[in-house]
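K.L.:
Fold the stuff below for me.
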Amino acid sequence: MIQNCCRKNSKEGQRIEELTEFVKLINEPNRIKILCLLKQRELCVCEIFEALNLPQNLVSHHLKELSNLGIINFRKLGTKVIYFRNEVLIEKYVNLLNKIIQI
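P.N.:
This next block holds a predicted model:
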């Protein structure tokens with residue numbers, strides 16, 4: 001019997017929906033670049049936009065989107081906001097992707 005993993009109300013269907021949101025979010029080259037930069041170390045927005053040679057407002061937009069899904073977190077350090085990756089959530093999505101597409 002074939003399992004119906006496409007049903008939204010099934011556990012597998014819910015995982016697919018969650019993974020789809022993650023894939024949609026990171027399906028933007030600058031967001032992947034930001035995640036790569038943050039893999040090296042924690043950074044403030046000024047360091048990120050300088051490294052990517054992008055306008056600050058565009059980088060801030062991408063950071064907000066990544067933060068909204070919880071892929072990155074931030075903390076305040078004086079007047080600066082320091083961004084860092086949420087490795088636990090990233091690992092969750094990578095594992096989920098592997099489970100779904102694994103042969």
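K.L.:
now the helices: where do they sit in this structure?
P.N.:
11-26, 29-40, 45-52, 56-69, 87-101 (DSSP state H).
K.L.:
Take the ones you listed and write them to a markdown table, including mean pLDDT.
P.N.:
Putting the helices of the chain into a markdown table (pLDDT from 0 to 100) gives the following:
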| stretch | mean pLDDT |
| --- | --- |
| helix 11-26 | 86 |
| helix 29-40 | 97 |
| helix 45-52 | 96 |
| helix 56-69 | 96 |
| helix 87-101 | 90 |
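K.L.:
residue nearest the centroid of this structure?
P.N.:
With distances taken as Cα atoms, centre = their mean, the chain has residue 71 as the residue nearest its mean C-alpha position (3.8 Å).
K.L.:
Tell me which of the helices of the chain lies nearest to residue 80.
P.N.:
Nearest of those to residue 80, taken as Cβ to Cβ: helix 45-52 at 7.9 Å. Every C-beta, even on glycine, is put in place using the N, C-alpha and C of the backbone.
K.L.:
buried sites along that closest one?
P.N.:
Using 16 or more other Cβ atoms under 10 Å as the test for burial, helix 45-52 gives 45, 47, 48, 49, 52.
K.L.:
Could you report the distance from the second one to residue 59?
P.N.:
As judged by Cβ to Cβ, to the nearest Å, residue 47 and residue 59 stand 10 Å apart.
K.L.:
Make sure residue 62 is actually in contact with residue 31.
P.N.:
Yes: taking Cβ atoms under 8 Å as the definition, residue 62 is a contact partner of residue 31 at 5.2 Å.
K.L.:
These two: which is more packed in?
P.N.:
For residue 62 versus residue 31, neighbours defined as other Cβ atoms under 10 Å are more numerous around residue 62 (23 against 18).
K.L.:
who's in contact with that one?
P.N.:
When contacts are counted by Cβ atoms under 8 Å, 6 or more residues apart in numbering, residue 62 touches 28, 30, 31, 34.
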